[in-house]
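> Turn this into a structure:
(2 chains)
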Amino acid sequence: ETGVTQSPTHLIKTRGQQVTLRCSSQSGHNTVSWYQQALGQGPQFIFQYYREEENGRGNFPPRFSGLQFPNYSSELNVNALELDDSALYLCASSPGRRGDTQYFGPGTRLTVL
Amino acid sequence: DAKTTQPPSMDCAEGRAANLPCNHSTISGNEYVYWYRQIHSQGPQYIIHGLKNNETNEMASLIITEDRKSSTLILPHATLRDTAVYYCIVRVFYNQGGKLIFGQGTELSVKP
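Numbering: from 1, shown residues only, chains lettered A, B, ... in the order given. Predicted coordinates:
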């Protein structure tokens, strides 16, 4: 059984650019949640997708957007990058949207210069 | 806002039990307590979760007080590989979903 995978591992962008991060969920999981983890902080919830629809959102601006595909993989898009967007971006998948354990991928380290 | 408070750091001798405390005094009746750990900025690793009964698995034991306002994660025989940041988390339900609200965690150092 393959766990949650994310790509790329590391990414460097400049302020104002756009970035797309990708996540493949664990087999059998239909829910994907995205988290942002700044250096030295705990992860913060960005949003959740369930069966291709956004199913909840944290306190992040609209320039953070996402997609979920029919195979339940997911993308996180960030427009107009700011220096504070530098962080580890984590994807977690779960077999259900409410009551199930979330399993995390290794993360994508984004650096904005 | 995080619904849990944990000590920022703890030390434990290798081979001894590590007992990590967590306070969650505002937890609601249907909210679960989850524990994850994170090693060197890798993705958080699930350890265990519970609602009101004590739980045990191959990694750890979770002891939840009867009033559910606090819990303790027990690693029975800590090894150097257990050095990590341990997060005590309350899973919060909203509308149709559930999210994890992380706090600052406890940095556990297991020493030889």
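
> and the residue nearest to B:Gly97 when sequence neighbours are not counted, what does it touch?
The shortest distance from B:Gly97 to any non-neighbouring residue, by CB to CB, 6 or more residues apart in numbering or on different chains, is to A:Gly56 (4.0 Å). (Glycine included, C-beta is placed from N, CA and C.) Counting by CB atoms under 8 Å, 6 or more residues apart in numbering or on different chains, A:Gly56 touches A:Phe47, A:Gln48, B:Tyr94, B:Asn95, B:Gln96, B:Gly97, B:Lys99.

> and of those residues, the nearest to A:Glu75?
Closest approach to A:Glu75 among the contacts of A:Gly56 (CB to CB): A:Phe47, at 11.7 Å.

> so what's the closest one scoring on pLDDT?
Model confidence at A:Phe47, given as pLDDT, is 94.

> How about the secondary structure of it?
strand (DSSP: H, G, I helix; E, B strand; the rest coil).

> Surely it and A:Phe64 touch.
Yes. With contact defined as CB atoms under 8 Å, A:Phe47 reaches A:Phe64; the gap is 7.4 Å.

> neighbour-wise, which of these two wins?
With neighbours defined as other CB atoms under 10 Å in any protein chain shown, A:Phe47 and A:Phe64 compare such that A:Phe47 has more, 21 against 18.

> Could you give me the buried positions within stretch B:51-60?
B:Glu55, B:Ala60 (16 or more other CB atoms under 10 Å in any protein chain shown).

> That one - what's its average pLDDT?
Averaging pLDDT along stretch B:51-60 yields 94.

> same check, this time on stretch A:2-20
What stretch A:2-20 shows for mean pLDDT is 96.

> which parts of that stretch are buried?
For stretch A:2-20, burial by neighbour count (16+ other CB under 10 Å) applies to A:Val4, A:Gln6, A:Lys13, A:Val19.

> which of the residues you listed are close to chain B?
Among the buried residues of stretch A:2-20, proximity to chain B is found for A:Val4 (CB under 8 Å from any CB of the partner chain).

> Need the max-distance pair from the buried residues of stretch A:2-20.
A:Val4 and A:Lys13 (23.0 Å).

> contacting residues for whichever residue of chain B sits closest to chain A?
Using CB to the nearest CB, the single residue of chain B nearest to chain A is B:Phe102, 3.2 Å away. Going by CB under 8 Å, 6+ apart, B:Phe102 touches A:Tyr35, A:Gly42, A:Pro43, A:Gln44, B:Ala2, B:Tyr87, B:Ile89.

> how near is the closest residue to the last one other than its chain neighbours to A:Asn59?
To tie it back to what came earlier, the one meant is B:Ile89. Leaving out its chain neighbours, the residue that sits closest to B:Ile89 by CB to CB, 6+ apart is B:Tyr34, at 4.4 Å. Distance from B:Tyr34 to A:Asn59, counting by CB to CB, to the nearest Å: 21 Å.

> Alright, I will stop here.
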